[in-house]
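Chemist: Just need the structure, nothing else, for what follows:
(one chain, ligands or ions: 1)
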Amino acid sequence: MSRLIINGLKRLNGSAKVQGSKNSSLPILSAAVLCRGESIIHNCPDLSDVRASINILRFIGCKVSFSGGTLVCDSSSIRSCYIPDLLMREMRSSILFLGALLGRLGKAEMCLPGGCEIGTRPIDLHLKALEELGVEIRDDHGVFHCTAPNGLCGGKIALSFPSVGATENAMICACLAEGTTVISNAAREPEIVDLADFLNSCGANVYGAGDDTIMIDGVSRLHGAVHTIIPDRIAAATWMSCAAVTSGRVILCDVIPAHLAAVTALFENCGCTVTSSGNTMSVNCPYRLAAPGVVRTMPYPGFPTDAQAPIMSMAAVSKGTSLFIENIFENRYHHVNGLLRMGANIKVEGRAAVIQGVPLLHGAQVSAHDLRGAAALITAGLAAEGVTAISGLQYLDRGYEDPEEVLSELGADVKRV
Ligand code: UD1
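Modeler: Below you'll find the predicted structure:
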């Protein structure tokens, strides 16, 4: 079992390139199943979740190569509408192959997806959206048999919550449905826009991505395309948190500052100076952070739930009291136990957490239980006196490409043993 060993209190200073977005790569890799031909995806991060997607693509018949950040997927022939349980349970995003296989083959068979345990994470909104497109679903003890006996047809999908995954599944499936689909109360995340850009380069007609109503005019077939994945705004927010807790000064390259507007506003409230120019952001952090105050996670463009955990580590060493309210997932405070072991003062009550900042954390042996929780423990380890040993790195590797290399480049004392 490998662990990350952090010798804390080293001021971060320097520049880092931000990886391509995990949450864009995964839906785009699923969408590549729709294309009769080769898709070339640049800036694809090398993550275990991306490797899990590649395994699924290969199982269903795609030819995939991946090196140097470029993934080539040839989906000319798809031989299976079925995905084995073992592959499905690797990650949450495997559910996006449901819309993709239905679009391409008109049928799909799979069990519930896996993923980080941050709440119940049902798929009812995905299934309801697909039913609106003419899909019939039979749930056979947790295995979903999905068919479109009369073909896929455009429909009106009104989401009761702007679920990112359900919006993506519906978009992917609707591209090859006959007629027009309208998704209302759609998710507005930048990753939705990136997916729409990819689909449109493959010949789809997706309009309005980034707004709360998305319209898709179905086409009969899609071809492959060349696409570059957008930068990962959550990785950027994580490295910003790491800079903040070490009074650091960090320049992030390959970011889209507009995607980080809510995060940037919080850093400024904490006393950091954030400046951006083109695709570069510079973060200059004070000796002691001011408390971020009230942090409410919301669908985009609100404050991202994925940044909640690392930002909580910032709040833990800031001057003053903060209140966090997690509105997206009901159980996303697994990192708090680790932070408490390191000397933080945090009280959790349901979806709320009250954080009373302390001047210093101390190193401890802690374990990650989900991806962003791992990021919170790293952030805390950098702010701690002494040595922190973090286990559970399989969660970290789902979403961060070479994290110890990025941090070492910035001056942190971090190694994986
Ligand atoms: C995506 C992101 C994840 C991020 C989340 C919210 C990817 C690969 N993952 O996850 O990093 O934290 O968006 O920004 O892009 N829900 C239902 N029924 C459903 C679907 C969702 O009740 O059918 C609920 C979920 O349990 C959760 C909320 O809706 O409480 C948001 O989930 P959703 O937006 O779907 O997140 P994901 O797509 O799983």
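Chemist: Lys319 pairs with what?
Modeler: Under the criterion DSSP bridges, Lys319 forms beta bridges with Ala290.
Chemist: next one: the one 4 residues further on
Modeler: Residues found in beta-bridge contact with Leu323 (criterion: DSSP bridges) are Val294, Val354.
Chemist: Check the contact between it and Met312; I expect there is one.
Modeler: No: when contacts are counted by C-beta atoms under 8 Å, Leu323 is not listed as touching Met312 (11.1 Å). For every residue, glycine as well, the C-beta is placed using N, CA and C.
Chemist: more crowded one of these two?
Modeler: Summary of the neighbour comparison: Leu323 and Met312, criterion other C-beta atoms under 10 Å, with Met312 having more neighbours (28 against 15).
Chemist: show me where this structure has helices.
Modeler: Ranges of helices in the chain, per DSSP state H, are 22-31, 48-60, 85-88, 96-105, 124-131, 164-174, 190-201, 233-244, 261-269, 308-316, 335-341, 371-382, 393-399, 403-409.
Chemist: any shared contact partners between Leu323 and Met312?
Modeler: Ala353, Ile355 (C-beta atoms under 8 Å, 6 or more residues apart in numbering).
Chemist: What parts of this protein come near the ligand?
Modeler: Residues of the chain lying close to the ligand (C-beta under 6 Å from any ligand atom) are 23, 26, 92-93, 119-126, 161, 163-166, 191, 305-306, 328-329.
Chemist: From those residues, list just the buried residues.
Modeler: Listed as buried from the residues of the chain next to the ligand are 23, 26, 92-93, 121, 123, 125-126, 163-166, 191, 305-306, 328-329; burial here means 16 or more other C-beta atoms under 10 Å.
Chemist: How confident was the prediction at the residue nearest to Ala16 when sequence neighbours are not counted?
Modeler: Among residues not flanking Ala16 along the chain, Val406 sits closest, at 5.1 Å (C-beta to C-beta, 6 or more residues apart in numbering). On the pLDDT scale, Val406 is placed at 98.
Chemist: Could you measure from Val406 over to Asp232?
Modeler: Using C-beta to C-beta, to the nearest Å, Val406 is found at 11 Å from Asp232.
Chemist: Show me which of these two is the more surrounded one.
Modeler: Asp232 (29 against 20).
Chemist: Rebuild the helices of the chain as CSV, extending it with distance to Ile41.
Modeler: Formatted as CSV, those follow (distance: least, C-beta to C-beta, whole Å):
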stretch, distance to Ile41
helix 22-31, 6
helix 48-60, 10
helix 85-88, 20
helix 96-105, 14
helix 124-131, 23
helix 164-174, 15
helix 190-201, 8
helix 233-244, 17
helix 261-269, 26
helix 308-316, 27
helix 335-341, 31
helix 371-382, 21
helix 393-399, 17
helix 403-409, 21
